[in-house]
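Asker: Okay, sequence plus prediction incoming.
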Amino acid sequence: MYHDFSAFDSSPSRVIGKSALHQQFSYLKRHFHVVPLSELTEKLRTGGRFHTATVAITVDDGRRNFYDVAFPVLQELEIPATLFAVSSFVNGEDWIWTDKVLWLSCQPSAPQELAEPLLDGFFARLNVLRPEERDQSIANIAARMGTKVPPQPPEEYAACSWTEIRTMADSGLVEIGAHTVSHPILTTLTHEESWREIWFSKTQLELGLGRSVKLFCFPNGKVPDYGSIHLAQVREAGYEGAVTACSGMVTTSSNPYQLPRMGISGFTDFLSFSKSVSGVEYYQESFQKVGRARSD
């Protein structure tokens, strides 16, 4: 699971540099069977067999830096990936609320609560608010800072254009999935609102692409962020698979509508990356849980 990319390598951050990305993707190509996510979900749904060292690369949100930085690496190495796009973002109607917070955190007048060590906790507090309350909280922080969130995203947070989205889809290397209309936390919405976010994002992307959209990504994707009603809505909307942000390994018994992923960012060094994708970290954590359970 990837989000942000940069053409430059710098100190560890949420954004991954191009050389580190190239190293990671090259490692996957050498040691794993890299497949489109749709191939993996199809085999899970139909009971088909797949190579045990199978990996599917996924990228969330639809920022232009995926097109500028990651897509050329995919082309060079000839490996596939899935891009989950927020449809209103690609349409130019708004930019992603989490990026607004990140933009504020980079301003000279940013308060301590937006400092990097505290950001995840700040996001967790916003995640439980309804969208209008969340947006008001962001506006209030900006006002306290003496600034305003720009109506259009700064370049580092800009969305892919429809032309870029279609170019990647037409390449045969990038399949496009839906990531809702506006990236809300689904459990903060009414059932009618969550249905619109799930269904209409698929409709908007299919109209823009001229092809079907079969995969869905839950915003934020942790257990408190979606429920059984949303899993049912994803199926009803016609998707064939969905991913979460819960960490774990996919097995033949995995639910194709609730697939775990491994989060990768600029904070991930190469040793941690290789341990994650090889399953070492997963099995270490599993053994530790068993050990703690026995000691209790």
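Answerer: That came through fine.
Asker: Tell me the pLDDT of the spatially closest residue to R166 that is not a sequence neighbour.
Answerer: Distance criterion Cβ to Cβ, 6 or more residues apart in numbering; nearest residue to R166, sequence neighbours excluded, is L209 at 6.2 Å. For every residue, glycine as well, the C-beta is placed using N, CA and C. At L209, the model reports a pLDDT of 96.
Asker: Neighbours of C217, how many?
Answerer: Other residues lying near C217 total 32 when counted by other Cβ atoms under 10 Å.
Asker: Identify the bridge partners of it.
Answerer: On the basis of DSSP bridges, C217 takes part in beta bridges with V243.
Asker: which residues does it contact?
Answerer: For C217, the contact set (Cβ atoms under 8 Å, 6 or more residues apart in numbering) comprises 58, 60, 84, 177-179, 242-243.
Asker: can you pull out the strands in the stretch 101-250 of the chain?
Answerer: 174-178, 215-217, 241-243 (DSSP state E, counting those that start in this stretch).
Asker: Can you give the distance of the last one from its chain's centre?
Answerer: Mean C-alpha position of strand 241-243 versus that of the full chain (Cα atoms, centre = their mean, to the nearest Å) differs by 11 Å.
Asker: Summarise which helices and strands that strand is packed against.
Answerer: Counting contacts by 3 or more Cβ pairs under 8 Å, 6 or more residues apart in numbering; DSSP states H and E, strand 241-243 packs against helix 37-46, strand 215-217.
Asker: residues touching the nearest residue to I141 once chain neighbours are set aside, list them.
Answerer: Nearest-residue entry for I141: L104, 6.2 Å, with adjacent residues in sequence omitted and distances by Cβ to Cβ, 6+ apart. L104 sits next to 110, 114, 138, 141-142, 145, 147, 149 when contact means Cβ under 8 Å, 6+ apart.
Asker: same deal with F267?
Answerer: Taking Cβ under 8 Å, 6+ apart, one finds 12-14 in contact with F267.
Asker: run the last query once more with 7 Å
Answerer: 12, 14 (Cβ atoms under 7 Å, 6 or more residues apart in numbering).
Asker: Which helix or strand contains it?
Answerer: In the assignment (DSSP states H and E), F267 maps to no helix and no strand.
Asker: repeat for the one 10 residues further on
Answerer: Element membership of V277 [criterion: DSSP H and E] is helix 270-278.
Asker: Which other helices and strands does that helix contact?
Answerer: helix 18-31 (3 or more Cβ pairs under 7 Å, 6 or more residues apart in numbering; DSSP states H and E).
Asker: that older thread, distance check, the residue nearest to R166 against D68.
Answerer: Distance from L209 to D68, counting by Cβ to Cβ, to the nearest Å: 20 Å.
Asker: Before we move on, what's the pLDDT of the residue lying closest to S26 once chain neighbours are set aside?
Answerer: Using Cβ to Cβ, 6+ apart and skipping the chain neighbours, the partner closest in space to S26 is L77 (6.4 Å). Per-residue pLDDT puts L77 at 98.
Asker: what do you get for V290?
Answerer: V290 is assigned 58 on the pLDDT scale.
Asker: Of the helices and strands packed on strand 241-243, which stretch is the most buried?
Answerer: strand 215-217 (a mean of 29; mean count of other Cβ atoms under 10 Å).
Asker: that older thread, want to try TSV for the helices and strands packed on strand 241-243, with distance to T98 and mean pLDDT as columns?
Answerer: Shown next, in TSV, are the helices and strands packed on strand 241-243 (distance: least, Cβ to Cβ, whole Å; pLDDT from 0 to 100):
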stretch	distance to T98	mean pLDDT
helix 37-46	22	94
strand 215-217	14	98
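Asker: between these, which gets nearest to E93?
Answerer: Of all these, strand 215-217 sits nearest to E93, with 18.9 Å by Cβ to Cβ.
Asker: give me the number of residues near the residue nearest to R166?
Answerer: Neighbours around L209, by other Cβ under 10 Å: 17.
Asker: contacting residues for it?
Answerer: The neighbours of L209, taking Cβ under 7 Å, 6+ apart as the test, are 165-166, 169, 176.
Asker: For the stretch 51-200 of the chain, which residues score under the pLDDT cut-off?
Answerer: Along the stretch 51-200 of the chain, no part satisfies pLDDT under 70.
Asker: which stretches of the stretch 51-200 of the chain form helices?
Answerer: With DSSP state H, counting those that start in this stretch as the criterion, the stretch 51-200 of the chain has helices at 64-65, 71-77, 87-90, 97-105, 116-127, 131-144, 162-170, 191-209.
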